[in-house]
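> Quick one, fold the following:
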Amino acid sequence: MVPDGIDKNMFFQHVECDYFPCHEGVPTERFNCLLCYCPLYALGEACGGHFSYTAKGTKNCKACAMPHNGDSGVRLVKSRFSELAELAARKMPDAQKAKDTAIALDTGESA
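This next block holds a predicted model:
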């Protein structure tokens, strides 16, 4: 059941998961599993969450409950989507970018 005040399209609980709840600091009834693997992880130190690094240099998000508190985590990820999209964008060599820009200008499309 989705708690009052939370968008039902942005909430999911997997209460049978062996790790549920996997982070502390969120009431069980508000714990959102929709972002089980946080997309903001890819932003490294700029994610804005409560994390640390292990001795081997791996990012450890065990102390972060941001993506799991009701629907606020989904809203946060949506607000940072442009940063994530930039990470995922195909990197083109400068010559290809120039060619694509010239084609776009010639056709009136955006590059």
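> Not counting sequence-adjacent ones, nearest residue to the most centrally placed residue in the chain?
Closest to where the C-alpha atoms of the chain average out (CA atoms, centre = their mean) is Pro39, at 2.6 Å. Distance criterion CB to CB, 6 or more residues apart in numbering; nearest residue to Pro39, sequence neighbours excluded, is Val77 at 5.2 Å. Placement of C-beta: from N, CA and C, glycine included.
> What strand or helix carries Glu86?
Assessed by DSSP states H and E, Glu86 sits inside helix 81-88.
> got the contact list for that helix?
Helix 81-88 is contacted from outside by 39-40, 42-43, 46, 77, using CB atoms under 8 Å, 6 or more residues apart in numbering.
> what mean pLDDT does it have?
Helix 81-88 shows a mean pLDDT of 92.
> in it, what's buried?
Across helix 81-88, burial judged by 16 or more other CB atoms under 10 Å covers no residue at all.
> what's the answer for stretch 20-39, then?
Per 16+ other CB under 10 Å, stretch 20-39 contains these buried residues: 21, 23, 26, 30-35, 38-39.
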